[in-house]
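Novice: 3D model of this:
(chains A, B and C)
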Amino acid sequence: MALEYIGIAFMTALQPFNILVMFLSTLVGLVMGVLPGLSATMAIALLTGLTYNFPTQTAILSLLSIYVGSISGGCQSAILLNIPGTPASAATALDGHPMAVQGKGGLAIFLATTVSCIGTLLSVVFVLTLTPLLTSLALKFTSWEFFLLSIFGILICGTITAQAEPIKGWISGILGLIVAMVGLDTVDTIPRFSYGNVNLMSGIQLIPVMIGLFGFPEIVRVFKRQADEEVTKASKFEVKTGFKLIGQRIFTVIRSAFIGVGVGIIPGVGEDTAGWLSYWATRSLAPKEEKDTFGKGNPHGVIAVETGNNACIGGAIIPVLSLAVPGSAPAAVLLAAFLMHGYRPGPLLMTESPEFLYNVCVYLALASITMWVIALILSKATVRILGVNKKYLMPIVYVLCVIGSYLINYNLFDVKVMFVFGLLGVVLTAMKFPPAPFLLGVILGPMLDSNLRRALKLSDGSFAPLFTRPICLFFLALIIFLILAQLGVFKILKGKRIAD
Amino acid sequence: MKKALSILLVLVVVSSVVFAQGQQEAYPNKNINMTVPYGAGGTTDLTARALANAMGKDLGVTINIVNTAGAGGSAGTLNVQNAKVDGYSLLANGMLAFVTMPINGYTDKTFRDWDAWIATYAPNVIVVPKDSPYNTITDLIEAMRANPGQITAGTAGIGSGGHFGAEIIKQVAGVDYKHITYAGGGPAFTATLSGEVDFCPQLLAEYKDAIISGDVKALCTLSDEPITIAEGITIPSIKEFYPEVAPLLPMGEVTGILIPKGLDEAALQKLDHAFEVAIQDQAFLDFCDSRSFEVTPVGRADSQAYLEEFASKVCYILYDAGAAPIDPAEFGIERL
Amino acid sequence: MESKTKEMVFSFALVITGIYVAIEGFRIYLRAASAPYFITTFSISPGFIPFIIGIALIIFSTLFLFQCLKEEGKGRAEVLKMRWSEFASWVKANSKNMDIAFTIGAVIIMGIYTYVLMELLPFWAASMIFLIALFCYLRADKWWKNLIVAVVGVIAIVIVFQYCFNAALP
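Specialist: Residues are numbered from 1 along each chain as shown, chains lettered A, B, ... in the order given. Coordinates of the predicted model:
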């Protein structure tokens, strides 16, 4: 039965018209991913309207291609410009941009694109085999677990990005949390830090903050009187080296895929968090002498992040299919599109339209392979475009930043917010405070706040459930270990033992 | 060179101002924007997209959906309210949030300042986890009376469709419940599946399939009539158990299209026609059927009277629950 | 200027931000505890997390401040004094630095575009004026070349967004 459905899905996807649509959609997704400020969520939302009148299968194929394309495209601007194209690729810039500075930009893009493809393919395998099992696992996450997960995310991000001085990373994360507090609170709808302004009551949008923090400092850097010709050079892909590197790191790839799928399934946390978690896992498991090379252009880091955030796609689709609950923000828009085209994902899917699961898997797999081909071709063009005079490039990038901020809610207020955070970003960069924990603070802040208070409300103000739930204990132990390790407690203990 | 540049700049400014004025032709002569004050993928958004597609076909232009989420749906509504009333910016909104905007202090204008077309009604359904000890609505109400303020209800937040459902249950039971709010209908439903909350009073559309598959148990609907969602699966109306609640029924989300008053009559009639065609459009009907929305069309002429009654009901439920700071009477909304 | 001095000034600002956030958090709690909400339990009040975050910011930035003030063989007060004079002289020296002034000028052009032009003009006109102005300010190339790049750039952006992606621009 299953094989038959897979066969039919392949036949559908490989009709000439559908192939054309798949190529175009992937290309559009990639371009949106590369442009700073146009996130995957927005790409799918904008194009859902366009696909409304497509035949159903073509529309679904097209939307999945856009999803894969936009998540993968973000790495190119992260590597070449140090401006992540989507929040999901913020961690890619960490090692990807140093690689580009060292003249290995081509290799970095090849690695990122290839593992993006592999990550998506691996996640498809998970969707096919483990959907029911993983869904029941995701249901074990209640308010307490979400609360701890958000703290954990900000902590590790702060630790990773400010290696010598984790305190800077943590402060940056706290600042992000403060920004996340602005607006009507999600539990009681009481305004916080909004001073009676209706725009502030809606809260600060994520994308303007991201563009401001990451994009603005890079744009401003060009504004000098003398022309310092630091041109992004097109380097070769080094296909052989690339495959060899991935082959050596096959365990990293598999581990990151696991993490990506896992994070994807949990509703509310998405591609961005998946990238950071994979990066952290890889770095902490690396041998001692290798640890210091992270953040300075270690290809290992790029591999981990890009596998993780792409594997998240399949993970996020799992609860969409089995519960009709999206696992990430882009998946939420995707769910809406499925509904609009007459499919009803959810518990009845396998009895009502069993072919749908296989369709989605086959389309995802084909889209990721298409993405690989097109992204590599496109990157040649990107490198050339990004290689033009920076004094031309950066003002135009700023115009794109303005559009990206505006399109979130069709509101000029968000553009102004972007500018303010841009100035803040310049200050933070000058002080060597990493902007990434700030961004993650803004992403995870509402989750931390509402889940803690919801959990306390459910338990009548008691913290006891924290210590009785197994997943909670696991996270608590990790968090405490992380803080103690950073404060040097373990080194002191070790030193004592030697002294004894 | 400086001179040439400044002349060019002036030219650009002047021509842009001229173009911005635009030229007058019969309505509609360009694409229409329909604002949905929620994110893509919600109930309102899906209904709006289905309607917009059908209406656009009749008007001969494309109706673009603009998702302007924020501040409980008021940000997008205010955008349309403040825009030029030229017929090119429409609002699609759920009436629960829309009619309660003034008593929440978001605006001074009420539904009486808008022209409205009502399209669909989606009833509340009370569901419990499948391993819940409650098998009928009476079990749940008795449990609430035995443990006042201890039974938890998971909803999509203050003023959401689920909140109104929970308030009606509260009026029936005569005791309070513990209100646990989530970021939306989806998370509230997941929390019900995992057993984090005792019951969930959201809209039927949000978990129809899970009821059919038996992942959650449906206790009753807040519709006037029992609803059959699949062969052999009928959800009873709460009226059958507690007849005294009948004046508050039917409760649920009502979705429609709105435009601030002031558009000329010719354009309004075009919209009237497009709306009538749209609610008979097969794709729209199929969509409503699959989501268990009832198509309950109320045209522009009758919508004011309909909203008057609806607003009185929901505004006072919200105000009495202590969730709205301003007395509806201040806006001339009478208790019926 | 030594980076430690900069960091010290910045951490001062952070501590003050932290104090403000904590106080504001407590005020939110007071507001939520009165009519019509009556949320009197502090831990489930909307002011709880802002208060905690404010306190955490105060703690971490104070720790950070002390890190900055550490110097071999000198007392804290002494270091503080030294840093302060360093900061004053840095401000003096840099106020005449042409490079920084130039960058600020460019940022001001971006600010005018964001806050003034976008409000007054349609998107394409505002962007065209902005690009031409900034290109010329940066002396990217000859003026007619700047003009062509700006016009072509804006037209390309408008076509891609308005017609390919079907997105309404301001």
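Novice: care to break chain A down by domain?
Specialist: Domain ranges of chain A: A:2-458, A:469-500, per automatic domain parsing.
Novice: The stretch 301-450 of chain A: helices as residue ranges?
Specialist: Listed in chain order, the helices of the stretch 301-450 of chain A (DSSP state H, counting those that start in this stretch) span residues A:329-340, A:349-352, A:355-386, A:390-409, A:412-430, A:435-458.
Novice: between these, which gets nearest to A:Asn298?
Specialist: Go through these one by one with CB to CB and the one that ends up closest to A:Asn298 is helix A:435-458, at 16.5 Å. Quick note: C-beta positions are derived from backbone N, CA and C, even for glycine.
Novice: which helices and strands does whichever helix or strand comes after that closest one pack with?
Specialist: Next along the chain after helix A:435-458, taking DSSP states H and E as the criterion, comes helix A:465-468. Helices and strands touching helix A:465-468, as assessed by 3 or more CB pairs under 8 Å, 6 or more residues apart in numbering or on different chains; DSSP states H and E, comprise helix A:143-161, helix A:470-486.
Novice: buried stuff in the last one?
Specialist: Taking 16 or more other CB atoms under 10 Å in any protein chain shown as the basis for neighbour counts, the residues of helix A:470-486 that come out buried are A:472, A:475-476, A:482, A:486.
Novice: could those residues be laid out in CSV, adding distance to A:Thr370 and pLDDT?
Specialist: CSV is the format used below for the buried residues of helix A:470-486 (distance: CB to CB, whole Å; pLDDT from 0 to 100):
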residue, distance to A:Thr370, pLDDT
A:Cys472, 42, 89
A:Phe475, 38, 87
A:Leu476, 43, 90
A:Leu482, 40, 81
A:Gln486, 43, 73
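Novice: Take those residues and lay them out in TSV including distance to A:Gly183.
Specialist: Listed next are the buried residues of helix A:470-486 as TSV, based on distance: CB to CB, whole Å:
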residue	distance to A:Gly183
A:Cys472	28
A:Phe475	27
A:Leu476	29
A:Leu482	29
A:Gln486	31
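Novice: after the worst-scoring helix or strand of chain C on mean pLDDT, next one along is what?
Specialist: Ranked by mean pLDDT, DSSP states H and E, the helix or strand of chain C with the weakest confidence is helix C:76-94, at a mean of 74. Past helix C:76-94, heading to the C-terminal end, the next element that is a helix or strand (DSSP H and E) is helix C:98-112.
Novice: Run the angle between that following helix and helix A:412-430 for me.
Specialist: Orientation check (axes from the mean of the first three to the mean of the last three CA atoms, to 10 degrees): helix C:98-112 against helix A:412-430 gives 160 degrees.
Novice: Poorly predicted segments of chain B, please.
Specialist: For chain B, the stretches with pLDDT under 70 are B:1-25, B:40-41, B:70-72.
Novice: can you list the domain ranges for it.
Specialist: Split by automatic domain parsing, chain B gives B:31-122+B:253-331, B:125-248.
Novice: hmm, the least confident helix or strand of chain C touching chain A?
Specialist: No: looking at helix C:76-94 against chain A by CB under 8 Å from any CB of the partner chain, there are no contacts, and the closest approach is 12.1 Å.
Novice: Can you show me the CA trace of that helix as PDB?
Specialist: Output of helix C:76-94 as PDB, limited to C-alpha atoms (Å, rounded to 0.1, in the frame of the first residue of the first chain):
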ATOM      1  CA  ARG C  76      38.300  50.000  43.300                       C
ATOM      2  CA  ALA C  77      37.800  53.800  43.900                       C
ATOM      3  CA  GLU C  78      41.100  54.600  42.300                       C
ATOM      4  CA  VAL C  79      40.300  52.500  39.200                       C
ATOM      5  CA  LEU C  80      36.900  54.200  39.000                       C
ATOM      6  CA  LYS C  81      38.500  57.600  39.000                       C
ATOM      7  CA  MET C  82      41.100  56.700  36.400                       C
ATOM      8  CA  ARG C  83      38.400  55.200  34.100                       C
ATOM      9  CA  TRP C  84      36.300  58.300  34.400                       C
ATOM     10  CA  SER C  85      39.000  60.700  33.300                       C
ATOM     11  CA  GLU C  86      39.800  58.300  30.500                       C
ATOM     12  CA  PHE C  87      36.200  58.400  29.300                       C
ATOM     13  CA  ALA C  88      36.100  62.200  29.400                       C
ATOM     14  CA  SER C  89      39.200  62.500  27.300                       C
ATOM     15  CA  TRP C  90      37.900  59.900  24.900                       C
ATOM     16  CA  VAL C  91      34.700  61.900  24.300                       C
ATOM     17  CA  LYS C  92      36.800  65.000  23.700                       C
ATOM     18  CA  ALA C  93      39.100  63.300  21.300                       C
ATOM     19  CA  ASN C  94      36.400  61.600  19.300                       C
END
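Novice: Mind giving me the packing neighbours of it?
Specialist: helix C:3-33, helix C:48-69.
Novice: what's the closest of those helices to chain A?
Specialist: Distance to chain A, taken as CB to the nearest CB, is lowest for helix C:48-69 among these, at 4.4 Å.
Novice: hang on, the earlier thing: deepest of the helices and strands packed on helix C:76-94, which one?
Specialist: A comparison of those by mean neighbour count, using mean count of other CB atoms under 10 Å in any protein chain shown, puts helix C:48-69 on top with a mean of 19.
Novice: hmm, back to that, rebuild the domains of chain A as TSV, extending it with distance to C:Gly153.
Specialist: As requested, the domains of chain A are exported to TSV (distance: least, CB to CB, whole Å):
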stretch	distance to C:Gly153
domain A:2-458	5
domain A:469-500	46
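Novice: would you list these in TSV and tack on distance to chain C?
Specialist: Putting the domains of chain A into TSV (distance: least, CB to the nearest CB, whole Å) gives the following:
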stretch	distance to chain C
domain A:2-458	4
domain A:469-500	10
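Novice: what about those domains, which gets the closest to B:Glu253?
Specialist: domain A:2-458 (15.9 Å).
Novice: Quick one: name the residues of the stretch 201-350 of chain A near chain B.
Specialist: Applying CB under 8 Å from any CB, we find that the stretch 201-350 of chain A lies next to chain B at A:201-203, A:267-268, A:323-326, A:332-333, A:335-336, A:339-340, A:342, A:344, A:346-349.
Novice: one more time with 7 Å, if that's ok
Specialist: A:201-203, A:267, A:323-326, A:332-333, A:335-336, A:339-340, A:342, A:344, A:346-348 (CB under 7 Å from any CB of the partner chain).
Novice: could you flag which of those are buried?
Specialist: Among those, those scoring as buried are A:201-203, A:267, A:323-326, A:332-333, A:335-336, A:339-340, A:344, A:346-348 (criterion: 16+ other CB under 10 Å).
Novice: Give the buried residues for the helix or strand harbouring B:Ala305.
Specialist: With secondary structure defined by DSSP H and E, B:Ala305 is part of helix B:300-320. Of the residues in helix B:300-320, B:300, B:303, B:306-308, B:310-319 count as buried by neighbour count, 16+ other CB under 10 Å.
Novice: Which residue ranges of the stretch 201-336 of chain B form helices?
Specialist: B:208-213, B:265-278, B:282-291, B:300-320.
Novice: Show me what the second one is packed up against.
Specialist: With contacts defined as 3 or more CB pairs under 7 Å, 6 or more residues apart in numbering or on different chains; DSSP states H and E, the packing partners of helix B:265-278 are helix B:43-59.
Novice: Residues contacting the helix it packs on, please?
Specialist: For helix B:43-59, the external contacting residues (CB atoms under 7 Å, 6 or more residues apart in numbering or on different chains) are A:52, A:336, A:339-340, B:28, B:34, B:36, B:38, B:62-63, B:65, B:67, B:92-94, B:119-120, B:122, B:203, B:205, B:253, B:255, B:257, B:270, B:273-275, B:277-278, B:281, B:283-284, B:287, B:293.
Novice: Cool, thanks, talk later.
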